[in-house]
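Novice: give the three-dimensional model of this entry:
(chains A and B)
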2 protein chains.
Amino acid sequence: MADTLATILPFIDRSDARGGLSIIEEGAGLPFRVRRAYWVYGTSPGVSRGFHAHRQLQQICFCVAGSVRMELFDGRREESVQLKPGMGGLMLPPMLWHEMHDFSADCVLTVLADAEYDESDYIRDRDQFIRHVHSS
Amino acid sequence: MADTLATILPFIDRSDARGGLSIIEEGAGLPFRVRRAYWVYGTSPGVSRGFHAHRQLQQICFCVAGSVRMELFDGRREESVQLKPGMGGLMLPPMLWHEMHDFSADCVLTVLADAEYDESDYIRDRDQFIRHVHSS
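Specialist: Okay, the predicted model is just below:
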């Protein structure tokens, strides 16, 4: 069992006097080819999102502005990690329940995924997720 | 010849009362598998970036916060386009000279590319770029 549920993939940092530049690419941190990208932004006050796990999908989350707190649950342990710019990308492997809380008003969360949207890949019921983990 | 140099790829918009959510994926706007992603942010006042074309690389640029003005030049025509959140992604095909100007202080520009970094793919001299266009 890994020491932490929160695997952070480091960026390549090419920031200089001009400003910030962060990179992730195949062979340097990016563990899959990206077939889907999305952005969560302008989140209303008090809103939380997520509340699901994926059966197969791999994702990487980058907070590129503001901050958000990600709660992770593998069916046994829970962890909370604050995502902020410059800290790298949080890996969301299959079968990891995740919830996003405490979005700052200016938060922009970018997510790269290895497959297109597929509703059948989602487990949206936490009890079902727990049963699934403990039966496998 | 296309009517415009600035091809904008539309997002899928899944925004609702919770906030903004924009998506691009294979089969719905994303024309290639992504092997490199990068972010330009915290750009110092007065700084411009880019000033090159790529021989082969395809890229899509999304301004996810703030704004930036992109100048495009195909060796014959010049165009300027202001990138802002919610307007979709600007396609940067091969052999399109591009410069980024007028970054707002809060600008975050996300770029998805179809290949890893390769210095030999860059044309960094504008006159060389023009000669290349007119000889091909």
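
Novice: so what touches the one helix or strand in chain A whose mean pLDDT sits lowest?
Specialist: Every helix and strand of chain A was ranked by mean pLDDT, DSSP states H and E. The lowest is strand A:29-30, at a mean of 90. Applying C-beta atoms under 8 Å, 6 or more residues apart in numbering or on different chains, the contact partners of strand A:29-30 are A:L9, A:P10, A:F11, A:I12, A:I24, A:I60, A:G89, A:L112, B:R35, B:R36, B:A37. Quick note: C-beta positions are derived from backbone N, CA and C, even for glycine.

Novice: residues from chain A in reach of chain B?
Specialist: Counting by C-beta under 8 Å from any C-beta of the partner chain, chain A comes close to chain B at A:15, A:17-28, A:30, A:33-44, A:47, A:49, A:62, A:64-65, A:85, A:103, A:106, A:108, A:110, A:112-113, A:116-117.

Novice: which of the residues you listed fall in strands?
Specialist: Among the residues of chain A next to chain B, the members found in strands (DSSP state E) are A:20-26, A:30, A:36-41, A:49, A:62, A:64-65, A:108, A:110, A:112-113.

Novice: tell me, how many residues neighbour A:D13?
Specialist: 12 (other C-beta atoms under 10 Å in any protein chain shown).

Novice: was I right to think it contacts A:S22?
Specialist: Yes - the criterion here is C-beta atoms under 8 Å, and A:D13 meets it with A:S22 at 6.0 Å.

Novice: identify the contacts common to the two.
Specialist: By C-beta under 8 Å, 6+ apart, A:D13 and A:S22 have these common neighbours: A:G86.

Novice: quick one: A:A105 and A:M70, what's the gap?
Specialist: Separation of A:A105 from A:M70 (C-beta to C-beta, to the nearest Å) stands at 18 Å.

Novice: now swap in A:I12 and tell me
Specialist: For A:I12, the distance to A:M70 - C-beta to C-beta - is 22 Å.

Novice: higher neighbour count, those two?
Specialist: More crowded of A:I12 and A:M70, by other C-beta under 10 Å: A:M70, with 22 against 14.

Novice: which one is A:G27 nearest to, not counting chain neighbours?
Specialist: Spatial nearest neighbour of A:G27, chain neighbours left out: B:E116 (6.1 Å); criterion: C-beta to C-beta, 6 or more residues apart in numbering or on different chains.

Novice: which residues does the one you found contact?
Specialist: Contact analysis of B:E116 by C-beta under 8 Å, 6+ apart lists A:E25, A:E26, A:G27, A:A28, B:R35, B:R36.

Novice: please tell me the pLDDT value assigned to the first one.
Specialist: At A:E25 the predicted local confidence, pLDDT, stands at 95.

Novice: what's the answer for the fourth one, then?
Specialist: In this prediction, A:A28 carries a pLDDT score of 87.

Novice: what is the closest residue to it other than its chain neighbours paired to in the beta sheet?
Specialist: Spatially, and ignoring its direct neighbours in sequence, A:A28 is nearest to A:I12 (5.7 Å; C-beta to C-beta, 6+ apart). Beta-bridge partners recorded for A:I12 (DSSP bridges): A:I23.

Novice: do A:W97 as well
Specialist: The partner residues for A:W97, given DSSP bridges, come to A:F73.

Novice: the one 4 residues further on now?
Specialist: Per DSSP bridges, the residues bridged to A:H101 are A:R69.

Novice: quick one on the thing from earlier: of the residues of chain A next to chain B, select the buried ones using a PyMOL command.
Specialist: Entered in PyMOL, the line below selects the buried ones among those, by 16 or more other C-beta atoms under 10 Å in any protein chain shown:
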select buried, chain A and resi 18+19+20+21+22+23+24+25+26+30+34+35+36+37+38+39+40+41+42+43+49+62+64+65+85+103+108+110+112+113+117
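
Novice: pLDDT at A:S15, what is it?
Specialist: 94.

Novice: sorry, wrong one. I was asking about A:T4.
Specialist: pLDDT, read off for A:T4, is 92.

Novice: residue contacts, the residue lying closest to it once chain neighbours are set aside?
Specialist: Nearest non-adjacent residue to A:T4, counting by C-beta to C-beta, 6+ apart: A:E79, 6.5 Å away. Residues in contact with A:E79 (C-beta under 8 Å, 6+ apart) are A:T4, A:L5, A:A6, A:E71, A:L72, A:F73.
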